[in-house]
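Engineer: Output the structure for:
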Amino acid sequence: MAGIFQKERVSFVKKTIFVIDDDILALQMIVGVLQSEGYEALPFSEFEPLLQKAREKLPDLVVTDVVMPKVSGFEVCRRIKALFQPKTPPVIVMTGKLDAVDPIQARKMGADDFVVKTTDMAVLAQAVRRILP
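Structural biologist: Numbers count the residues shown, from 1 in each chain. All right, here's what the predicted structure looks like:
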């Protein structure tokens, strides 16, 4: 009879998001917001470690800053889309510099969405929820 009152265990796999940004404070904030939304968010400050990890386990989504010193966010997007065909993860590009990116150009480069970075991360959280149900 004790089994009647036991709660069923519900298991689900968290969606994994790789986040790349050369600004460590922004990276920590973005990862924190995504984790609070229930995602597994892994931070990267450079592209090569992200790429190596993606080869081990493909993420469900990649969020990338556009303006970075070694590899731009558009290059991250292009390479992710090229390397992991036919099952490429969606990519959200973001920038704190509104004039740095044209959203139409972002989509032409393969981005699935474009977000302007602000201290209010609700816009990013909404974009992620649109892509990852």
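Engineer: Which single helix of this protein contains the most residues?
Structural biologist: In the chain, taking DSSP state H as the definition, the longest helix is helix 24-36.
Engineer: Buried residues, that one. List them.
Structural biologist: A26, L27, M29, I30, V31, V33, L34 (16 or more other C-beta atoms under 10 Å). Glycine gets a C-beta too; all of them are placed from N, C-alpha and C.
Engineer: The next helix or strand after it: partners in the sheet, and parallel or antiparallel?
Structural biologist: Per DSSP states H and E, the first helix or strand lying C-terminal to helix 24-36 is strand 40-44. Within its sheet, strand 40-44 is paired with strand 16-20 (parallel), according to DSSP bridges.
Engineer: Keeping just the C-alphas, turn the partner strand into CSV.
Structural biologist: Extracted C-alpha coordinates of strand 16-20, given in CSV (Å, rounded to 0.1, in the frame of the first residue of the first chain):
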residue,chain,number,x,y,z
THR,A,16,22.3,21.9,-23.5
ILE,A,17,23.3,25.4,-24.7
PHE,A,18,26.9,26.4,-25.5
VAL,A,19,27.5,30.1,-24.9
ILE,A,20,30.5,31.8,-26.3
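Engineer: any chance you could map the strands in this protein?
Structural biologist: 16-20, 40-44, 61-65, 91-95, 113-116 (DSSP state E).
Engineer: Remind me what the lowest-mean-pLDDT helix or strand in the chain packs against, helices and strands.
Structural biologist: Least confident helix or strand, the chain: helix 103-108 with a mean of 74, by mean pLDDT, DSSP states H and E. Helix 103-108 sits against strand 113-116, with contacts defined as 3 or more C-beta pairs under 8 Å, 6 or more residues apart in numbering; DSSP states H and E.
Engineer: in the strand it packs on, what's buried?
Structural biologist: D113, F114, V115.
Engineer: And the contacts of that strand?
Structural biologist: Applying C-beta atoms under 8 Å, 6 or more residues apart in numbering, the contact partners of strand 113-116 are 90, 92-96, 98, 101, 103, 106-107, 123-124, 127, 130-131.
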